[in-house]
Each structure stands twice: as structure tokens, then as C-alpha cells.
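Enquirer: How does the following fold in three dimensions:
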Amino acid sequence: MFVRLAIIATVALVLWAMFARDSGAGGPERHYRVRGGDTLWSIAVANFAGDPREGIWELRERNHLESTTIQPGQVLTLP
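Expert: Take a look at the predicted model:
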């Protein structure tokens, strides 16, 4: 009996994982135009709650940045 329940639960979990999708509840994307003197740290502090290092990581991942160097006029997508 337990084995049958475990198999059913596993199949249900696999099906759910295969068909799960984004609900779109995240809201519209926000963008930020870099100004002179801005750093990823200052942008993260202004736009993310909590540890700014996590915000910097999110900014780099979302914008495909290879380093922390940003230029004035550059447009960043905020996660």
C-alpha cells in the first residue's frame, strides 16, 4: 500500500514539475538608466531589500554582466 502511494505521489510530482509555468504575477519589468557615479552596489542598496551583495548578483545575472563595471547611460533590467 505504501509503495503504491509513493509511486502515485512521485508521478504527480513529476507531472506537476513538467507542466508548471510562471504565473506572470511578478509584475512588469523595471529598468534603470545608469548615471555618473552609480555603482552596482548603490543601485542594489536603492532597489533591493536585504544584503546588497545578493542584489548585485541578481543584477549581474539578469543583465548578463561579466564584471561589475557599468557605464553611464547603460540601461539595466531590475529583477
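
Enquirer: Kindly tell me how buried the spatially closest residue to Pro52 that is not a sequence neighbour is, as a neighbour count.
Expert: Counting by CB to CB, 6 or more residues apart in numbering, Ala44 is the residue found nearest to Pro52 once chain neighbours are left out, at 4.2 Å. Using the backbone N, CA and C atoms, a C-beta is placed for each residue, glycine as well. Other residues near Ala44 come to 20 when the count uses other CB atoms under 10 Å.

Enquirer: what about Ala44, distance to Pro28?
Expert: Per CB to CB, to the nearest Å, Ala44 is found 20 Å from Pro28.

Enquirer: Downstream of the host helix or strand of Thr10, the next helix or strand is which one?
Expert: In this structure, Thr10 is located in helix 2-19 according to DSSP states H and E. Per DSSP H and E, the first helix or strand lying C-terminal to helix 2-19 is strand 30-33.

Enquirer: Please tell me how far the helix or strand following that next one is from the chain's geometric centre.
Expert: Tracing the chain C-terminally past strand 30-33 and defining elements by DSSP H and E, one meets helix 40-47 next. For helix 40-47, the separation from the chain centroid amounts to 15 Å (computed by CA atoms, centre = their mean, to the nearest Å).
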